[in-house]
Structures are given as C-alpha cells and as structure tokens.
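*Asks:* sequence and computational prediction follow.
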Amino acid sequence: MTRNYCPFKGPFLDSYSVGFRLYQPDAINWRHRTIAGVSWNGEEQEAFFFNPDGLVLPLKPNPWELPQLIGKNAVRREFSSIHGSGHFAMKQGRRAALKSLDLNDWVTYWLVDQSAGYANDPAVWQRITEQDLAEEKTASERLHREMKLTSDLSGYIDECLAERRDLLAAKHRRRCVEDNKILAWLKGETPQPLFTCTQEAA
C-alpha cells in the first residue's frame, strides 16, 4: 500500500494528546508515557509503538519520518518480530493468522536500553529530588545575597528547601497517579463509572 500524503508532521501522531515521547536522558521520564520501541512494517507502513513494559501505545506513524527516527535512535533490532501487548496491540486473531512470509515484513526496534531510569522508580525520583534541591540551595544562597536579606542565611535556605521538597513531593504524587491511569488504560482495564458511589448512595 502506497500513501502519498500524511496529514501531520513529526514521526508519529499522539492523537489522544497523552504526551507519549521518546526517552530524554536529561529530562524526567515517566515509564508508561515513554516510547521504548516500535514494531515497523516498512512495506505496509504500519507500526506498533510500545512502552518499557511492552504495552502498545495508541500512536500513528508518519511513514516518511519514522525511518529517520528509527535510524537515529535504535539501540537494537529483531527481524520478523511484532512486539507489544495490551488494548492497542495487534489483535490475537490477526497475529495468529500471519504466515512466516507476512511476519518477515516486520522488524522491531528498541529505542532505549534497559538501563534507562524512570521517575516512577523511588530511587530515580530520589536522585532527581536531590539534584533539584542542590540547585535550589545554590539559587537561595544567591538570592539571599543579592537581596541583602537580614534573616539568618541557614534558616532562610532551610525554609526554601522545605517548600521546594513539599512541592516536588506533591508533583510526584500527581504524576504517579496519572501514569497509573495511563497504565490501566493501555492494558484495557475499564475504570469505575464516575458516579457509581453517588448512585448507590441514592
């Protein structure tokens, strides 16, 4: 199948606007929003993107830009392979019907290695927090000096660091809850109806 037009720019379209993206070494990465790899059929221009847990992400490929992304980021590949499970994965009936010749059209590329760290991991988040607080300490010292504050320097820094630590902890809790919802959605788990408790109470 040949396509002559792609209605969007970039190597893939996140049509649900969830925020799926490639792993970024110098940024905070969330496990279930990270594109860890892609199974690509270059003949049919079809792709299944997946996260580090192998759950398929609902992304549409741009067949003119995806090969360049793969060439730039692939850390390993597996021929005649379709990777991924979950609600958005290739349906089992279709996968079972693929003959060896059809499977030969597919190659799976991993775009991040196994050593990558995610903010969902407490140890990784601890490192992120420590780095952020070190930067906050430096900024607070500079601000205290530049503003010529008369308050005790160590007390001022402790107060700034405590506020920053609380802010980071709240942000982490919110993002973890959101990422767990994404995980359940990718698995195909149906959430409870919004007003179930209210209806039962009435």
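*Replies:* Now that the structure is in, tell me what you want to look at.
*Asks:* I'd say residue 45 and residue 62 touch.
*Replies:* No. Residue 45 is beyond contact range of residue 62, at 9.2 Å (criterion: CB atoms under 8 Å). Where you see a C-beta, it was placed from the backbone N, CA and C, and this is true even at glycine.
*Asks:* more neighbours: those two, which one.
*Replies:* residue 62 (21 against 17; other CB atoms under 10 Å).
*Asks:* check contacts around the more buried one.
*Replies:* Neighbour list for residue 62: 6, 8, 9, 10, 11, 12, 13 [criterion: CB atoms under 8 Å, 6 or more residues apart in numbering].
*Asks:* now list the buried members of these.
*Replies:* Buried members of the contacts of residue 62, counted by 16 or more other CB atoms under 10 Å: 11, 12, 13.
*Asks:* which stretches of the protein form strands?
*Replies:* In the chain, the segments counted as strands under DSSP state E are 12-13, 21-22, 34-35, 37-41, 46-50, 56-57, 60-61, 76-79, 106-110.
*Asks:* TSV for those, including mean pLDDT and distance to residue 162?
*Replies:* Shown next, in TSV, are the strands of the chain (pLDDT from 0 to 100; distance: least, CB to CB, whole Å):
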stretch	mean pLDDT	distance to residue 162
strand 12-13	96	41
strand 21-22	96	32
strand 34-35	97	31
strand 37-41	97	41
strand 46-50	97	40
strand 56-57	98	38
strand 60-61	96	45
strand 76-79	96	44
strand 106-110	97	41
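*Asks:* in JSON lines: those strands, plus distance to residue 178.
*Replies:* As requested, these are exported to JSON lines (distance: least, CB to CB, whole Å):
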{"stretch": "strand 12-13", "distance to residue 178": "21"}
{"stretch": "strand 21-22", "distance to residue 178": "15"}
{"stretch": "strand 34-35", "distance to residue 178": "14"}
{"stretch": "strand 37-41", "distance to residue 178": "22"}
{"stretch": "strand 46-50", "distance to residue 178": "19"}
{"stretch": "strand 56-57", "distance to residue 178": "15"}
{"stretch": "strand 60-61", "distance to residue 178": "22"}
{"stretch": "strand 76-79", "distance to residue 178": "30"}
{"stretch": "strand 106-110", "distance to residue 178": "25"}
